[in-house]
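S.K.: sequence and predicted model, in that order:
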Amino acid sequence: MVTFQILPYLLEGTWRALQIFILTLVFSIPLGIVIARLRQSTVRIIQLPVRFYLLIMRGTPLILQLIFFMYFPPFVLGIPIGRFTAVILAFSLNYAAYFAEIFRGGLESIPRGQFEAGHVLGFSSGQTFTRIILPQVIKRILPPSASEAMTLIKDTALAQIIGVAELFRAAQNSTSRLVSIEPIIAAGVIYLILNSLVALVFSRFEKKLSYYRH
Amino acid sequence: MPSDIVLSVENLAKKFGTLEVLKSIHLTVRRGEVVVIIGPSGSGKSTLLRLINQLEQADSGNITVGGQVLCKNDPQGRSVYAAKADLKAIQLKIGLVFQSFNLFPHFTIERNITEAPVHVLGQPAAQAKTKASALLHKLGLAEKAPNYPFQLSGGQQQRAAIARALALEPEVLFFDEPTSALDPELTGEVLKVIRQLAAEHMTMVVVTHEMAFARELADRIIFMDQGVIIEEGTPEQVFNSTHERTRQFLRHYSE
Ligand SMILES: Nc1ncnc2c1ncn2[C@@H]1O[C@H](COP(=O)(O)OP(=O)(O)OP(=O)(O)O)[C@@H](O)[C@H]1O
Ligand SMILES: [Mg+2]
């Protein structure tokens, strides 16, 4: 069993993958909410750039975006950028686009009467949003968000394309160095464990919000 | 006495695209009055209530609520609205009960009622809860305080929605077809609550298709058709109207 030998190395890669996962969620979810609201703007000079952004982010491969954010800032703008920063930038902007669309779908599924009831009772639009609408949107978007988070765990493997040594790169290196398939299988098991945890967290959360129905 | 007038609508007009939904509407409601609005589907009844409750914007006309101007015509005859801070104060003088209840599903019935008093009026939570419990008791929902809306029948949900509106102590309460989403056997319990409020001299404007109820409860009935108030008067006057359109409309309900 070579796996035990290389386990510390794989765990180091796992930690890197987790950093990408957590930082991407931290940045992309709030950004996604903001983008969703801008996307709903009726002002064309706001809505059109947002739609363009959504098209680019969802319409081109993430791997291409990673390479773009690695090379565009230093070579075109003259701004040096670290590999890891480029990864977080690309992932956050990309996932924000997906979260924005999930969020917008959730927002649009809330009956208009909820907004109207909020207004009639004197709530400001900010209060209506945070107290009445947002909690209901969160409940509705948990299932698609769980899928998105699980995809993100797997997508962290793409970071190796610009030289960030995450779990997949670690496993690949070990596999070629040791001429063994074991590290790749071990990495697969680790991804599965991580995603089981993600699925578990989301289903806990769903259960917590199951006390009411729409 | 002008202070007796809690709602005044003058020359109100509203278009959706090219469709003139309301044309020069005049309406005055006095304190303690129960005004019932009847009329065929699409005649603009809901739009009128929605304009008064700031859910739509008037094209032209004046609306005054409790002496405060919500909107007023400029010299070009376009309706200009009050400042944002005033809009909120004006909205707090009135309440609206929806056909589809629109309770907040993620809050208990108690929290549905206390949320606005606490977070809009800034009442202490304990005070808001005491008030909510009194209202629920009065509307026959005392045991439902800890339940969520989905656990209540339609009639109970509508009564809870009425309690929610009453918690803000509005000067006028508007109802837009409060029983239309209910099974016939649940209609009575909601009408009973409205009757009870009328007995307490709550000022109310009720849009309804319940003609017997309108006749029994209204101080004044307004018949609308195609965006116009065709006639208004006491139930006696309207139900014995000589106006052809009114008679035609009421015939549908006389079976
Ligand atoms: N937001 C809107 N956009 C376009 N048209 C609208 C809108 N709201 C209402 N209308 C139209 O305005 C007219 C009046 O509608 P309104 O809902 O006020 O009628 P109503 O008297 O309440 O009818 P009902 O008895 O069916 O509730 C209808 O023709 C309706 O289709
Ligand atoms: Mg209507």
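M.R.: Perfect, I can see it now. Ligands and ions are numbered 1, 2, ... in the order given.
S.K.: close to ligand 1, is the helix or strand containing residue B:14?
M.R.: Using DSSP states H and E, the secondary-structure element containing residue B:14 is strand B:5-16. Yes: using Cβ under 6 Å from any ligand atom, we find that strand B:5-16 touches ligand 1 at residue B:16. For glycine as for every other residue, the C-beta is placed from the backbone atoms N, C-alpha and C.
S.K.: pull the distance from that strand to the chain's centre.
M.R.: For strand B:5-16, the separation from the chain centroid amounts to 14 Å (computed by Cα atoms, centre = their mean, to the nearest Å).
S.K.: strand partners of that strand, parallel vs antiparallel please.
M.R.: In the sheet containing strand B:5-16, the strands it pairs with under DSSP bridges are strand B:19-30 (antiparallel), strand B:60-65 (antiparallel).
S.K.: hmm, who's touching the longest one?
M.R.: By that I understand strand B:19-30. Contact with strand B:19-30 is made by B:4-15, B:35, B:44, B:47-48, B:51, B:61, B:172, B:203, B:205, B:222, B:227-229, as judged by Cβ atoms under 8 Å, 6 or more residues apart in numbering or on different chains.
S.K.: run through the bridge partners of residue B:60.
M.R.: Following DSSP bridges, residue B:60 is listed with bridge partners residue B:13.
S.K.: measure the spatially most central residue of chain B to ligand 1 for me?
M.R.: The residue lying closest to the centre of chain B (Cα atoms, centre = their mean) is residue B:174, at 1.1 Å. Going from residue B:174 to ligand 1 by Cβ to the nearest ligand atom, to the nearest Å gives 12 Å.
S.K.: the stretch 151-255 of chain B against chain A: which residues are in contact?
M.R.: B:164, B:165, B:168 (Cβ under 8 Å from any Cβ of the partner chain).
S.K.: what's the spacing between residue A:71 and chain B?
M.R.: 47 Å (Cβ to the nearest Cβ, to the nearest Å).
S.K.: for that residue, which residues are in contact?
M.R.: Contact criterion Cβ under 8 Å, 6+ apart gives no residues in contact with residue A:71.
S.K.: who does the lengthiest helix in chain A touch, helix- and strand-wise?
M.R.: Identified as the longest helix of chain A according to DSSP state H is helix A:3-39. Contact here means 3 or more Cβ pairs under 8 Å, 6 or more residues apart in numbering or on different chains; DSSP states H and E; on that basis helix A:3-39 packs against helix A:44-59, helix A:83-108, helix A:134-155, helix A:167-178, helix A:182-208.
S.K.: what's the angle from that helix to helix A:182-208?
M.R.: 40 degrees (axes from the mean of the first three to the mean of the last three Cα atoms, to 10 degrees).
S.K.: distance from helix A:3-39 to the middle of the chain?
M.R.: Using Cα atoms, centre = their mean, the mean C-alpha position of helix A:3-39 is found 7 Å from that of the whole chain.
S.K.: so which bits of it are buried?
M.R.: Using 16 or more other Cβ atoms under 10 Å in any protein chain shown as the burial criterion, the residues of helix A:3-39 that qualify are A:3, A:6-7, A:9-10, A:13-14, A:16-17, A:19-21, A:23-25, A:27-29, A:31-33, A:35-39.
S.K.: which residue ranges form the strands in the stretch 101-250 of chain B?
M.R.: Under the criterion DSSP state E, counting those that start in this stretch, the stretch 101-250 of chain B carries strands at the ranges B:172-176, B:204-207, B:220-225, B:228-233.
S.K.: using JSON lines, please lay out those together with mean pLDDT.
M.R.: Listed next are the strands of the stretch 101-250 of chain B as JSON lines, based on pLDDT from 0 to 100:
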{"stretch": "strand B:172-176", "mean pLDDT": "98"}
{"stretch": "strand B:204-207", "mean pLDDT": "98"}
{"stretch": "strand B:220-225", "mean pLDDT": "97"}
{"stretch": "strand B:228-233", "mean pLDDT": "96"}
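S.K.: show me what the worst-scoring helix or strand of chain A on mean pLDDT is packed up against.
M.R.: The least trusted helix or strand in chain A, going by mean pLDDT, DSSP states H and E, turns out to be helix A:167-178, with a mean of 92. With contacts defined as 3+ Cβ pairs under 8 Å, 6+ apart, helix A:167-178 has these neighbours: helix A:3-39, helix A:182-208.
S.K.: report the angle between the shortest one and helix A:167-178.
M.R.: The directions of helix A:182-208 and helix A:167-178 differ by 160 degrees, with the same axes, to 10 degrees as the criterion.
S.K.: and helix A:182-208 with helix A:134-155, angle?
M.R.: Computed by the same axes, to 10 degrees, the angle between helix A:182-208 and helix A:134-155 is 170 degrees.
S.K.: mean confidence score for helix A:182-208?
M.R.: In this model, helix A:182-208 has an average pLDDT of 96.
S.K.: do the same with the longest one
M.R.: Helix A:3-39 shows an average pLDDT of 94 in the prediction.
S.K.: repeat for stretch B:69-82
M.R.: Mean predicted lDDT for stretch B:69-82 stands at 96.
S.K.: now tell me what touches that stretch from outside.
M.R.: When contacts are taken as Cβ under 8 Å, 6+ apart, the neighbours of stretch B:69-82 outside the stretch itself are B:11, B:52, B:54, B:57-64, B:68, B:87, B:90.
S.K.: now those: which count as buried?
M.R.: When burial is judged by neighbour count using 16+ other Cβ under 10 Å, the buried members of the contacts of stretch B:69-82 are B:52, B:54, B:58, B:59, B:60, B:61, B:62, B:63, B:64, B:87, B:90.
S.K.: which of those residues sits closest to ligand 1?
M.R.: residue B:52 (12.1 Å; Cβ to the nearest ligand atom).
S.K.: give me the pLDDT for the residue nearest to residue B:211 when sequence neighbours are not counted.
M.R.: For residue B:211, ignoring the flanking residues on the chain, the nearest one in space by Cβ to Cβ, 6 or more residues apart in numbering or on different chains is residue B:253 at 4.3 Å. Taken from the predicted model, the pLDDT recorded for residue B:253 is 81.
S.K.: from ligand 1, how far out is residue B:253?
M.R.: From residue B:253 over to ligand 1 (counting by Cβ to the nearest ligand atom), the distance is 13 Å.
S.K.: ditto for residue B:175
M.R.: Note on residue B:175: its distance to ligand 1, by Cβ to the nearest ligand atom, is 12 Å.
S.K.: what's around the closest residue to residue B:145 other than its chain neighbours, how many residues?
M.R.: If you skip the residues right next to it in sequence, residue B:145 has residue B:110 as its closest partner in space, 4.1 Å away by Cβ to Cβ, 6+ apart. The number of residues packed around residue B:110, counting by other Cβ atoms under 10 Å in any protein chain shown, is 21.
S.K.: ok, residue B:110 - contacts?
M.R.: With the criterion set at Cβ under 8 Å, 6+ apart, residue B:110 makes contact with B:129, B:132, B:133, B:136, B:145, B:146.
S.K.: go ahead and confirm the fifth one touches residue B:137.
M.R.: What that stands for is residue B:145. No: using Cβ atoms under 8 Å, residue B:145 makes no contact with residue B:137, being 9.4 Å away.
S.K.: okay, these two: which has more neighbours?
M.R.: Residue environment comparison for residue B:145 versus residue B:137 gives the larger neighbour count to residue B:145, 19 against 13, counting by other Cβ under 10 Å.
S.K.: now do the contacts for that one.
M.R.: Contact analysis of residue B:145 by Cβ under 8 Å, 6+ apart lists B:108, B:109, B:110, B:132, B:133, B:136.
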